[in-house]
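Undergrad: structure of the sequence below:
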Amino acid sequence: MASSLFLATSYFIGGLIVFFYCKSIYEVKKTAVFSFFVTIALYESLTALKIIFDNEVLNITAILVFNILIAYFLFKSSVKSSIFHGAVLVILQLVAEFVTSSTVALILNVSPKESVKNHFEIGMVLSLMMYFLLSRLLTAFSVKENKSRSWGKWFGLALLPVSSIVIIIAFRIIINDMVLTSVENSFMIISISFLLLVNIFVYFMYEQAEKNNQKLIELELVNQKNDIDMQYLDLLEKKNETMNIMAHDYKNNVLAIADMSDSPEIKKYVDDMVGEISKYNRVAKTKNRLLDVIINKYIDICDDKNIKFEITSVSDNFGFMSGYDLSSLFNNVLDNAVEAASESENKYIHADISNSIGSYHKLCVVNSCETAPNVKNGTLLTTKSNREMHGFGTKSIRKTVNKYDGEMQWDYDDNLKEFKLTVIFPQEA
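TA: Numbering: from 1, shown residues only. Coordinates of the predicted model:
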């Protein structure tokens with residue numbers, strides 16, 4: 001039997017594998033350091049369990065339970081996902097141990113029990129290497145934990161790893177003391193390896209389905225938001241048109257009344273009133289009906305939130321875009337700007353809508369922003385707590401930019417507390 005030090009080292013490596021596997025598919029609940037040490041401590045306790053009882057079924061059960069506890073309590077995971085991935089890790093470990101012990105037995109022409117007893121260290125090192133490689137293979141196409149996974153699908157999928165665990169344990173019990181022929185041993189290794197491949201294939205198909213499901217959910221949410229924006233802009237345009245007509249008629253009537261009097265006080269009073277009325281009579285800036293409505297919408301929003309909103313240049317109207325894409329781009333860009341500016345000390349937004357003839361169309365928005373944006377791998381992330389229902393604005397912007405072969409750049413100035421987003425489209429778009 002292996003020494004206690006070797007066992008402790010083996011379980012330490014096993015804990016590392018479990019920790020990095022969970023870290024790849026989940027977010028940690030507290031800190032990575034805390035999760036790491038708790039994981040290692042739980043796995044090191046298996047050393048004592050192995051030495052005291054030396055019972056394989058008890059050891060496998062303890063590993064399964066620890067895997068589930070680690071995934072659920074140390075990482076942001078659901079119960080069903082913790083159970084599923086805990087079982088997957090046990091499957092990988094059992095297959096790795098079975099294949100390596102059977103391979104050693106085949107090479108030395110001894111029983112699996114004899115190979116484990118006399119060549120434990122070699123088999124354990126090989127199995128840990130295989131276990132690590134298999135775990136990394138799965139994380140390569142795993143998706144982050146997602147609450148959209150249904151219990152119905154999960155129960156059906158969970159039958160495979162659970163039945164695989166039972167099959168592998170049964171195989172190990174049956175052939176434990178048997179010395180198999182080379183053909184029998186090879187067939188056994190191939191059978192278990194095939195079982196592993198089936199598990200990996202089903203896992204892969206399930207994860208791909210989840211990725212597609214997440215993309216569909218994101219697309220549906222983005223489309224819903226864009227549809228709502230378009231409906232709102234349509235209502236806003238009708239409202240503005242009605243208000244403009246009323247303001248125009250009211251102004252003319254007031255001016256007509258002023259002409260009936262020669263009193264300077266009355267004329268001054270009417271002039272002041274006409275000036276106030278003119279504030280509600282927006283003037284088109286871009287000759288693009290939809291873009292003018294969007295700009296006027298955010299002028300009103302910024303007025304309500306005490307945000308200084310300026311358009312320094314309007315020499316383009318993005319007429320090459322469909323109304324749907326135009327609404328998606330400008331609403332999402334300005335929504336993000338308003339959200340950041342409203343929470344800052346110096347509330348301001350500067351927009352530049354311009355073009356260079358024969359070269360590019362440009363939208364540049366600079367806004368006050370107290371905190372640096374949340375970035376991962378160069379991608380902007382939402383700062384809202386419920387990330388499953390937020391963060392689609394930036395994705396929608398990126399989707400529109402890619403659709404028209406454009407480029408998007410951003411920059412944050414920590415000294416000025418200022419965020420700058422620049423979107424450029426080629427002129428031929």
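Undergrad: C-alpha only now, for contacts and for neighbours.
TA: Noted.
Undergrad: secondary structure class for residue 110?
TA: Three-state call for residue 110 (DSSP: H, G, I helix; E, B strand; the rest coil): coil.
Undergrad: roughly how far apart are the closest residue to it other than its chain neighbours and residue 126?
TA: Nearest non-adjacent residue to residue 110, counting by CA to CA, 6 or more residues apart in numbering: residue 179, 5.6 Å away. As judged by CA to CA, to the nearest Å, residue 179 and residue 126 stand 21 Å apart.
Undergrad: sorry, back to before: what is the neighbour count of the residue nearest to residue 110?
TA: Residue 179: 17 surrounding residues under other CA atoms under 10 Å.
Undergrad: which residues of the protein fall in helices?
TA: Using DSSP state H, the helices of the chain run over residues 4-25, 32-53, 56-69, 79-108, 112-118, 120-139, 151-174, 182-259, 264-278, 289-304, 323-342, 392-403.
Undergrad: so for residue 369, which of the ones you listed sits nearest?
TA: Evaluated over these, closeness to residue 369 peaks at helix 323-342, with 5.2 Å, by CA to CA.
Undergrad: any idea how far that closest one is from the chain center?
TA: Its chain's C-alpha centre and that of helix 323-342 lie 20 Å apart, by CA atoms, centre = their mean, to the nearest Å.
Undergrad: before we move on, back to that, what's the most buried one of the helices of the chain?
TA: Of all the helices of the chain, helix 79-108 carries the top mean neighbour count, a mean of 22, counting by mean count of other CA atoms under 10 Å.
Undergrad: mind listing what residue 309 touches?
TA: 299, 302, 348-351 (CA atoms under 8 Å, 6 or more residues apart in numbering).
Undergrad: who's in contact with residue 127?
TA: 93, 96-97, 99-100.
Undergrad: got TSV for the residues you listed, with distance to residue 294 and pLDDT too?
TA: Formatted as TSV, the contacts of residue 127 follow (distance: CA to CA, whole Å; pLDDT from 0 to 100):
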residue	distance to residue 294	pLDDT
93	58	91
96	60	87
97	63	87
99	64	84
100	66	83
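Undergrad: contacts only, for residue 310.
TA: 349-351.
Undergrad: filter these down to just the ones in strands.
TA: 349-351 (DSSP state E).
Undergrad: looking at those residues, state which has the most neighbours.
TA: The ones in strands among the contacts of residue 310, ranked by neighbours (other CA under 10 Å): first place residue 349, 25 neighbours.
Undergrad: looking at strand pairing, list the partners for that one.
TA: residue 309, residue 367 (DSSP bridges).
Undergrad: go through the helices and strands of this protein and name the one with the lowest mean pLDDT.
TA: Sorted by mean pLDDT, DSSP states H and E, the helices and strands of the chain end with helix 264-278, the least confident at a mean of 61.
Undergrad: closest to residue 136 among the contacts of residue 127?
TA: Nearest to residue 136 out of the contacts of residue 127 is residue 93 (CA to CA; 12.6 Å).
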